[in-house]
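Peer 1: sequence plus the predicted model coming up.
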Amino acid sequence: MTRVAVLAGGQSLERQVSLRSGARVRDALERLGHEPIPIDVGPDLVDRLTETRPDVAFVAMHGRDGEDGTVQEILELVGVPYTASGPSACIRCMDKVLAKHTLRDAGLPTPDFYAFSQTAFESLGAARALPAIEERLDFPVVVKPAAQGSALGIRFAPTAADVPAAIVAAFSYDTKVMLERHVAGRELAISVLDGPDGPETLPIVEAIPRGSDHYDFEARYEIGRTDFVCPASLDDNTARTAQNLALATYGVLGCYGFARIDLILDSSSGEVTVLEANAIPGLTETSLLPQAAEAGGISFEAFVERVLDLALARTPA
Amino acid sequence: MTIDETPRGSASGGESQRMDRSRTTARDLERYAGLFARRTQGMKSSAMRDLMAITARPEVISLAGGLPDTSTFPAEDLAALMARVAAEASARALQYGPTDGMDELKRCIVQVMAEEGMDVAEDDLLVTTGGQQVIDLVCKTLIDPGDVIVAEGPTYPGAVPTFGAYQADVVQIEMDSDGMRVDLLEATLDQLERDGRTPKFIYTVPTFQNPAGVTMALERRRRLVRLAAQREVLVLEDNPYGLLRYEGDPLPPLYALDGGEYVIYLGTFSKILSPGLRLGWTAAPRPVLEKFNLGKQGADLCSSTFAQHFVIEYFAQRDWRKLLGALSELYHRRRDTMLDALDEHFPREAEWTRPRGGLFIWATLPDYIDTTDLLARALREHVAFVPGRAAFLDGRGGSAMRLNFSGVGDEDLREGVARIGRVVNEQVRLYSTLTRRDLGVSQAPADTADGPTAASGTGMPDAGRPAIGTPDAGRPSTVVTDTRAPHDVVAEQSPVQGARIVPLRRRAR
């Protein structure tokens, strides 16, 4: 029996999703015969870890603090092995801009983008560059906060007149925003899970929004507003390309344990590009990674067990 | 839990427990999902709800609640009255009671309604579990899926999930500083009639409306009641705040004007005594009341007899009008504090209502600011409000917010409004930079006050002016605003850089 601290909650905007992920992990741990120690991550985190001395920590947190390397640094410091990626991979995944730069540097395809900090607009006159950017990216432009999960703050700007308000909205979530070329196509999510023979991809999930709300936060979490098809119906060649791209992304970003790579299959060109990587994707009943695992014959319990083994096998940094 | 009932204080404890309780697996969920009734599709959880959950953190100044200040209730008094109920009436107080409520409590309700000029017979009353249950019972009794409810726009956010759960089609009528535009209501009723649809009821909070804070003018009240009678449509008059008046003369409730023919009245002890009691009531035409009674039997048999005994005891032993007076005095001061803070900290482009009672101020920001996104930014400054979208079923309200002034002390009110003002001003400046327009920010970056703002209007358009939800909504009535499209701005002086900037004309797409 392993004593497992389940880290969930925290102060991020994805707190509620994280609590649902955490609850599910906890249940699985109990069924596996482990001893879960639930920790709602707050100012007493270090104390709780020192008091309870868990064998390992399962990080079921999303967004700020939990997915951006902060909690991972603390776990390194306290010396508790933990699940999933380490601080540097978390930082790279959480910051969509950094992730895309890393991918582009490695020659992996990702839609064109330009990123700006609030300072760039306020002090460096970046607004003057907007028309040129819009010219290059073409409309609609997707505007995203650099570091926010769950599609919060993501807006489509169909025309130039919509860009300023979309940028203002994105800055509500982060001090850095990104304007990205919109790719019309099929949304694919590929979960990657480490194993004895290295990372492997789980069956591909395709998210098919009902109606037009492609980047709607609420639709992502609501049964009935988005249909998820797993395995996605793709020709072998496309599926292989997407899976290889997901594995390459996982490697380039330095992920460990598991992660979910979101890609888009361009309907006109057939090209697959990477949108983002999630170092700790949702683990709720409606989340994509558990669905993919299930489709691949890996129960949620088996997933949790494997991830714990990987955490314990990792040599501390 | 409705937004209005978001508790303050330590959230972590409760949520840890929630973690403990969950026993669902993916397969289970799919199995349950197949069993859910179609009406559950109208019961939506939302991102806003997840955000609102964070507002319960103790470090957050929440102007999001609809909470009365229960600290005004003297603890010794509470203890003495509770002890008396326990000692003298415990057998009855712990027993089931009549579904329609205890007679002694109904006599208290008659007193409360008489205070606002309503003459009601005890037999016309049904005691409910909070005013919220009345909304549920009215829907349960009147609404088949697809039936039309006419409501104000914005409407009480807590009614939105109830309407959704009964699969009602909700039509929202614009408001201005005199409350619901009854002329538009009439036009809407005409239109619905032409479409072969009759609304089952008109839902209104005519006095100190939640969330808008405005009060329906007397002439509109008379016209509404006349319309209801002519068209044989019921009106649900939700009146939790009528007795919390800080200025001006009281207006007769719709129930008093109509004599209980077509108006269903909703009252509550939540705002004049305590929401924790969960006691409200309805007065309705007898045939309707009988159906409510059957509906309530199915829901909860009866409302808490212990709470009813407590209220009866309170009314017998204490002067309820005295507590009401103390509450009104306290909230009056807090309203003034919030209005002053809004004047000081909100940008010129914003406008807000100036309620003469109740608990809420409705503020409307420039239309390029989305208050749901703004809430995420505000939460980083540890302050919260209700985004306006919560008060609409059709996606309107995106640039508005509801601010509560009853639930927190003066200092927190000032600080809370100042923090919201900072993030709003930050977004106004940013938008101005992005569009090269000079927009009215109340503070220079160094936070030097720029004199009193012009936004001293009602926030709701004055009667006769365009209302919320129209293209002109959000435009201050007293400020001249540059309404040119952002990218059509031709050369103009940039006050930020002190230089002439080149025309920004982008290709049209």
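Peer 2: Happy to help now that I have it.
Peer 1: helices and strands of chain A: which one bottoms out on pLDDT?
Peer 2: helix A:217-221 (a mean of 51; mean pLDDT, DSSP states H and E).
Peer 1: beyond it, next helix or strand please.
Peer 2: Under the assignment DSSP states H and E, the closest C-terminal helix or strand after helix A:217-221 is strand A:226-229.
Peer 1: for that next one, packing partners?
Peer 2: strand A:205-209 (3 or more CB pairs under 8 Å, 6 or more residues apart in numbering or on different chains; DSSP states H and E). (Glycine included, C-beta is placed from N, CA and C.)
Peer 1: how about the strand it packs on and chain B, any contact?
Peer 2: No: figure legend: strand A:205-209 not in contact with chain B (CB under 8 Å from any CB of the partner chain); closest approach 13.0 Å.
Peer 1: please compute how far that strand lies from its chain's middle.
Peer 2: Strand A:205-209 sits 16 Å away from the centroid of its parent chain (CA atoms, centre = their mean, to the nearest Å).
Peer 1: and the residue lying closest to B:Ser304 once chain neighbours are set aside, what does it touch?
Peer 2: Spatial nearest neighbour of B:Ser304, excluding adjacent residues (CB to CB, 6 or more residues apart in numbering or on different chains): B:Arg278 at 6.5 Å. B:Arg278 is in contact with B:129-130, B:270, B:303-304, B:307, counting by CB atoms under 8 Å, 6 or more residues apart in numbering or on different chains.
Peer 1: swap in 10 Å and give it another go.
Peer 2: B:128-133, B:268-270, B:303-304, B:307 (CB atoms under 10 Å, 6 or more residues apart in numbering or on different chains).
Peer 1: turn the residues you listed into a markdown table, including neighbour count and secondary structure.
Peer 2: As requested, these are exported to a markdown table (neighbours: other CB atoms under 10 Å in any protein chain shown; DSSP: H, G, I helix; E, B strand; the rest coil):
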| residue | neighbour count | secondary structure |
| --- | --- | --- |
| B:Thr128 | 28 | strand |
| B:Thr129 | 20 | coil |
| B:Gly130 | 23 | helix |
| B:Gly131 | 24 | helix |
| B:Gln132 | 24 | helix |
| B:Gln133 | 27 | helix |
| B:Thr268 | 25 | strand |
| B:Phe269 | 28 | coil |
| B:Ser270 | 23 | coil |
| B:Ser303 | 28 | coil |
| B:Ser304 | 16 | coil |
| B:Ala307 | 21 | helix |
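Peer 1: pick out whichever of those residues sits closest to A:Val142.
Peer 2: B:Gln132 (40.3 Å; CB to CB).
Peer 1: the stretch 151-300 of chain B: strands as residue ranges?
Peer 2: Under the criterion DSSP state E, counting those that start in this stretch, strands of the stretch 151-300 of chain B are mapped to B:169-176, B:179-180, B:201-204, B:234-238, B:263-268, B:280-283.
Peer 1: touching, B:Ala168 and B:Pro199? I think so.
Peer 2: Yes: counting by CB atoms under 10 Å, B:Ala168 touches B:Pro199, with 9.4 Å between them.
Peer 1: common neighbours of the two, please.
Peer 2: Between them, B:Ala168 and B:Pro199 share the contacting residues B:142, B:147-149, B:151, judged by CB under 10 Å, 6+ apart.
Peer 1: okay, and which of these map to strands?
Peer 2: Counted as lying in strands by DSSP state E, out of those, are B:148-149, B:151.
Peer 1: and A:Gly79, how many neighbours?
Peer 2: Neighbourhood size, A:Gly79 [other CB atoms under 10 Å in any protein chain shown]: 10.
Peer 1: does it really touch A:Leu49, like I thought?
Peer 2: Yes: with contacts counted by CB under 10 Å, A:Gly79 reaches A:Leu49, the gap being 9.0 Å.
Peer 1: B:Gly259: what's it in contact with?
Peer 2: So B:Gly259 contacts B:118-119, B:225, B:229 (CB under 10 Å, 6+ apart).
Peer 1: repeat for A:Asn237
Peer 2: Counted by CB under 10 Å, 6+ apart, A:Asn237 has contacts A:Gly270.
Peer 1: assign B:Ile361 to helix, strand or coil.
Peer 2: strand (DSSP: H, G, I helix; E, B strand; the rest coil).
Peer 1: I'd say it and B:Thr353 touch.
Peer 2: Yes: using CB under 10 Å, B:Ile361 is in contact with B:Thr353, at 5.7 Å.
Peer 1: hey, what's the nearest residue to B:Pro199 once chain neighbours are set aside bridged with?
Peer 2: Computed as CB to CB, 6+ apart, the closest residue to B:Pro199 that is not its neighbour in sequence is B:Val148, at 4.1 Å. Note on B:Val148: beta-bridge partners by DSSP bridges are B:Asp169.
Peer 1: ok, B:Trp281 next?
Peer 2: B:Val127, B:Gly267.
Peer 1: can you give the domain ranges for chain A?
Peer 2: Per automatic domain parsing, the structural domains of chain A span A:3-84, A:92-109+A:183-312, A:113-181.
Peer 1: relative to chain A, how far out is B:Met216?
Peer 2: 33 Å (CB to the nearest CB, to the nearest Å).
Peer 1: does that residue touch B:Ile173 like I think?
Peer 2: No: B:Met216 is beyond contact range of B:Ile173, at 11.3 Å (criterion: CB under 10 Å).
Peer 1: okay, and the common contacts of the two?
Peer 2: In contact with both B:Met216 and B:Ile173: B:152, B:179-182, B:204, using CB under 10 Å, 6+ apart.
Peer 1: tally of neighbours for the residue nearest to B:Pro199?
Peer 2: 20.
Peer 1: contacting residues for it?
Peer 2: For B:Val148, the contact set (CB under 10 Å, 6+ apart) comprises B:168-171, B:188-189, B:192, B:195, B:197-202, B:233.
Peer 1: let's see that with 7 Å instead.
Peer 2: B:Val148 is in contact with B:169, B:171, B:192, B:197, B:199-200, counting by CB atoms under 7 Å, 6 or more residues apart in numbering or on different chains.
Peer 1: likewise for A:Leu312?
Peer 2: So A:Leu312 contacts A:56, A:81 (CB under 7 Å, 6+ apart).
Peer 1: ok, it to A:Ala57 distance?
Peer 2: To A:Ala57, A:Leu312 is 11 Å away according to CB to CB, to the nearest Å.
Peer 1: sketch out the low-pLDDT regions of the stretch 1-150 of chain A for me.
Peer 2: A:149-150 (pLDDT under 70).
Peer 1: same thing but at 80, please
Peer 2: Residue ranges of the stretch 1-150 of chain A with pLDDT under 80: A:148-150.
Peer 1: strands of the stretch 1-150 of chain A, start to end?
Peer 2: Assigned by DSSP E, counting those that start in this stretch, the stretch 1-150 of chain A shows strands spanning A:3-8, A:35-40, A:56-59, A:113-117, A:141-145.
Peer 1: and the buried ones among the contacts of B:Val148, selectable in ChimeraX?
Peer 2: Restricted to buried positions by 16 or more other CB atoms under 10 Å in any protein chain shown, the ChimeraX selection for the contacts of B:Val148 reads:
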select /B:169,171,192,199,200
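Peer 1: spit out the contact partners of residue 253.
Peer 2: Picked chain A for this. A:Leu253 neighbours (CB under 7 Å, 6+ apart): A:89, A:92-93, A:99, A:102, A:277.
Peer 1: my question was about chain B, not that one.
Peer 2: B:116, B:118, B:237, B:239, B:242.
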